[in-house]
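**Student:** test case, fold it:
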Amino acid sequence: SETVHTAITLALISGIVMAFVGVIFSRFALELMDTPDDVIGLSTLYMRIYFLGMPFFMLYNYGAAILRAVGDTKRPLFFLVAAGVINAGLNLLLVIVFDMGVAGVAIGTIVSQMISSILVLRCLCRSEGSYKLSFSKLRIRGIYMKQIFQVGIPAGIQSTVINFSNVLLQSSVNSFGSTAMAGYTAANNIFGFLYVTVNSVTQTCMSFTSQNYGAGKNKRMDKVLIDCIILSVVITSILGVSAYGFGPELLKIYTEDAKVIQCGMEILLYTTVTYFLCGLMDLFPGALRGMGHSAVPMILSVIGTVGTRIVWIFWIFPAHRSLDILFISYPAGNGCHNRDFRDGNDHEAGRIDFVKKIKIQSISAWSIGIALILTVVFVVVLHNGQSKVKRFEDATDQYIVCENAARQLQDGSDYLTEQVRLYAMTGERNYLDQYFEEADVTKRREQALESLKKYFDKTETFQSLQQAMEDSKELMSTEYHSLKPVSYTHLTLP
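**Tutor:** Next up is the predicted model:
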């Protein structure tokens, strides 16, 4: 009972803290991710409203975890389904009827989260078991909070670092522009449904593993893991291939833009078809946590998944910039993660008796220390990698600008020369009109110089180009005066 009240109090406090942090730093986080200017305003609005619902989000998750721990998995599911239906209905009402746009979607989300949290808290309050919740008893007791942290901190660090790698991935997608962002968002919604399936199998594996581990029935633990692996691989393989096969139709639910759908399909190829690897990635740490060891999953996840993604994003992706290359990091990271966990599980199974002799406090302390060291290493790598990516992007932008500007300069000059030549030969007034339209209105050459100025202003090369433009304008003045005799000859120029 005291553990339940400590957990719920902790959920409420952490949710409030995250709400404040999210509201204050939403725009800053989006700017760090290089979110395009045309969407950053609405993205910030959505995130700020969404973070206001974090207390409800935390209360539901903690409450649902308590119910699942005592074997009640149905009611949290029913509450979540009800919240999902309400969320969908509110989205339609607020977006279509009240025309609230992004704000309407965010409000619908936090209202549904609030309803789900109220339902789960009501269920806990009306229960008669040891997990009965009473608001008058809400307080934090140090001994129980310490136990929660010993298991939860490694898992939390693992989740944080994985989300950190996802932020890097989102930032890389943002560098392709708003079309790629829209495609990634739509695709992310689709394989979000796959994750729900994977997570349900993982929660089942963790629950049954913990029960059998506590009863000392190690053979049943092996059977639970094998059955869950088969179930997860079969389900994710079928759903993943189906999601990609029907990808265009599913993506059309979110957008009608052909380019966005094309980007979404590129992403789905590497995220849904190989999603069985993600299922395995979740199962192995779930089994280990069921045995009470959260340090090993955290360390192996950081090294396997996050390490692979960071190396991929900062060293492989910059040399081959495309969505295909970027999202190969998904199956690559999941595959490395599963390899590490296979070795970790073998080691764990062979030394269960030894592990029992080790205090959980020592394991958690070591895991936290290792995680902090790895986090520092990743921050340093991130800083250096971002600098390299930025320099590469700048060099690419300069190359594209130079190429386009050179083409504009050449096309503009050739066009002016051609119009003068045709007018001199035919005397037709339309060639003269086109000449002055290019020189005074279209101004492709001036536009090319202006685009080059952003990168090469005050350089010797740019000053030479400016001087060449001045000489060209003097030549145009000479051409204009030389056209007068021609106009008198053809009697077309007044």
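
**Student:** what's the neighbour count on residue 49?
**Tutor:** 21 (other CB atoms under 10 Å). The C-beta positions use only the backbone N, C-alpha and C, and glycine is treated the same way.

**Student:** repeat for residue 238
**Tutor:** With other CB under 10 Å as criterion, residue 238 counts 12.

**Student:** and it, what pLDDT?
**Tutor:** We note a pLDDT of 89 for residue 238 in this prediction.

**Student:** how close does it sit to residue 244?
**Tutor:** 11 Å (CB to CB, to the nearest Å).

**Student:** what of residue 83?
**Tutor:** Taken as CB to CB, the span from residue 83 to residue 244 is 28 Å.

**Student:** just residue 226 next, same as before
**Tutor:** Counting by CB to CB - residue 226 and residue 244 are separated by 27 Å.

**Student:** for this structure, give me the ranges with low pLDDT.
**Tutor:** Scanning the chain for pLDDT under 70 picks out the ranges 300, 303-306, 333-394, 396, 479-494.

**Student:** please redo it, this time with the cut-off set to 50
**Tutor:** Applying pLDDT under 50 to the chain flags residues 343-368, 370-372, 374-375, 378-379, 382, 490-494.

**Student:** show me the contacts for the nearest residue to residue 104 once chain neighbours are set aside.
**Tutor:** Spatial nearest neighbour of residue 104, excluding adjacent residues (CB to CB, 6 or more residues apart in numbering): residue 94 at 3.0 Å. The neighbourhood of residue 94, defined by CB atoms under 8 Å, 6 or more residues apart in numbering, consists of 100, 103, 104, 105, 107, 108.

**Student:** neighbour count winner among residue 226 and residue 244?
**Tutor:** residue 244 (21 against 10).

**Student:** quick check: the more buried one touching residue 272?
**Tutor:** Yes. With contact defined as CB atoms under 8 Å, residue 244 counts as touching residue 272 (4.9 Å).

**Student:** what sits against the residue nearest the centre of the chain?
**Tutor:** In the chain, the centroid-proximal residue (CA atoms, centre = their mean) is residue 170; its distance is 3.7 Å. Each residue near residue 170 by CB under 8 Å, 6+ apart is listed here: 33, 184.

**Student:** I'd say residue 55 and residue 12 touch.
**Tutor:** Yes. Applying CB under 8 Å as the test, residue 55 and residue 12 come out as touching, 6.0 Å apart.

**Student:** those two - which one has more neighbours?
**Tutor:** Per other CB under 10 Å, whichever of residue 55 and residue 12 has more neighbours is residue 55, with 22 against 17.

**Student:** quick check: closest non-adjacent residue to that one.
**Tutor:** Using CB to CB, 6+ apart, the nearest residue to residue 55 is residue 15, at 3.4 Å.

**Student:** ok, then the element right after the helix or strand that contains that neighbour?
**Tutor:** For residue 15, the element it lies in under DSSP states H and E is helix 2-32. Counting by DSSP H and E, the element after helix 2-32 in chain order, helix or strand, is helix 37-52.
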